[in-house]
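*Asks:* model this:
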Amino acid sequence: MEWREESKQTMSWNGTISNREAKEAVAAQLAAKVQDGQVIGFGSGSTSLLAAYAIAKRVKEEGLNITAIPTSQEMQITCNNLGIPTATLLQKRPDWCFDGADEVDPHGWLIKGRGGAMYREKLVMACSPVRYILVDDSKMVKSLGEKFSIPVECQFEAVNYVREQLFALGAEYVDMRLAKSKDGPVITEHGNFILDARFTNVQEDLESKLIQIVGVVETGLFIGFDPIILCS
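*Replies:* Below is the predicted model:
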């Protein structure tokens, strides 16, 4: 796939994409499902980025007309750079969506949110009748919480209260996510903070318990969406 040199610069990923060959393979599987005229929810993260490249290649070579509903500013910029028209959920409803995941268990439950876009990711997924999750083997686990904490997006004033409530629900530890290229915490796309809470016994009702905590905006637990898992 050839891009103009300036496009390569604007579509760069912050760091090395791990397991890139496997992610490109699953991205190609996903791109093959695109049909002319579809509205598609574009997820966030490295695997979704590679899927966007693969879809853009088909759009260019086959003259397809599609519309993307991006789940993050990062993906919005990527779609703009690739020449893929975009819309919001106020304007269009997705025919299907795709996204990556940090962990996937045998039930199809997910942990997501390392990119800090979990609110829009979950909203687009909820609005999509068909959902594809793109992962490599490293993301498959026997039970959620084996490798990653659960991101909990919360409002600034509620940070201390939410932390207390997370421990009360059984969290082993709770850390505020700190930024790498700026001082202080990571700020989500909606201006909130992220607390990463480690739970090693994730039950089906945990998501609802977390969202009921006053001050919590969204969580990185995605339970009950019945996604189609594309794994390489």
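*Asks:* Low-confidence regions, the protein specifically.
*Replies:* Low-confidence segments of the chain (pLDDT under 70): 1-15.
*Asks:* In it, mark out all the helices, start to finish.
*Replies:* Remark: helices assigned in the chain by DSSP state H are 5-10, 20-31, 46-62, 73-82, 118-127, 159-168, 206-211.
*Asks:* Let me have the ones you listed in TSV, extended by mean neighbour count.
*Replies:* All C-beta spots, glycine's among them, are computed from the backbone N, C-alpha and C. What follows is these, written out as TSV (neighbours: other C-beta atoms under 10 Å):
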stretch	mean neighbour count
helix 5-10	10
helix 20-31	19
helix 46-62	21
helix 73-82	18
helix 118-127	21
helix 159-168	17
helix 206-211	18
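*Asks:* give the contact list for the spatially closest residue to E207 that is not a sequence neighbour.
*Replies:* With C-beta to C-beta, 6 or more residues apart in numbering as the criterion, E207 has its nearest non-adjacent residue at 4.1 Å, and that residue is L221. Contacts for L221 (C-beta atoms under 8 Å, 6 or more residues apart in numbering) come out as W109, L110, I111, L144, I150, V202, L206, E207, L210.
*Asks:* contacting residues for the residue nearest the centre of the chain?
*Replies:* Geometric centre of the chain, nearest residue: S44, 4.5 Å, by C-alpha atoms, centre = their mean. Contacts here follow C-beta under 8 Å, 6+ apart; on that basis S44 touches P70, T71, S72, E74, M75, D99, G100, G115, A117, E121.
*Asks:* now do 10 Å
*Replies:* Neighbouring residues of S44 by C-beta atoms under 10 Å, 6 or more residues apart in numbering: 70-76, 78, 99-100, 112-118, 120-121, 124, 189.
*Asks:* mind listing what the nearest residue to it once chain neighbours are set aside touches?
*Replies:* Spatial nearest neighbour of S44, chain neighbours left out: S72 (4.1 Å); criterion: C-beta to C-beta, 6+ apart. Contacts here follow C-beta under 10 Å, 6+ apart; on that basis S72 touches 42-45, 48, 78, 115-121, 124, 188-189.
*Asks:* Can you give me the domain boundaries for this protein?
*Replies:* 15-141+226-231, 150-219 (automatic domain parsing).
*Asks:* give the contact list for M118.
*Replies:* 44, 71-72, 111-112, 150-153, 188-190, 194, 217-222.
*Asks:* can you do 8 Å?
*Replies:* Neighbours of M118 in contact, by C-beta under 8 Å, 6+ apart: K112, P151, E153, T188, E218, T219, G220.
*Asks:* Run a quick neighbour tally on the fourth one.
*Replies:* I take that to be T188. Counted by other C-beta atoms under 10 Å, the residues lying close to T188 total 23.
*Asks:* what does stretch 121-130 rub up against?
*Replies:* Taking C-beta under 8 Å, 6+ apart as the rule, stretch 121-130 contacts 41, 43-44, 69, 71-72, 89, 93-97, 99, 112-113, 131, 218, 222, 225, 227-228.
*Asks:* one more time with 6 Å, if that's ok
*Replies:* Residues outside stretch 121-130 that contact it (C-beta atoms under 6 Å, 6 or more residues apart in numbering): G41, I69, T71, L89, P94, W96, C97, D99, R131, F225.
*Asks:* can you check stretch 143-161 too?
*Replies:* Here stretch 143-161 makes contact (C-beta under 6 Å, 6+ apart) with 102-103, 105, 109, 111, 113, 162, 188, 192-200, 202, 215-221.
*Asks:* Report the buried members of those residues.
*Replies:* Neighbour counting over the contacts of stretch 143-161 (16 or more other C-beta atoms under 10 Å) leaves 102-103, 105, 109, 111, 113, 162, 188, 192-197, 199, 202, 215-221 as the buried ones.
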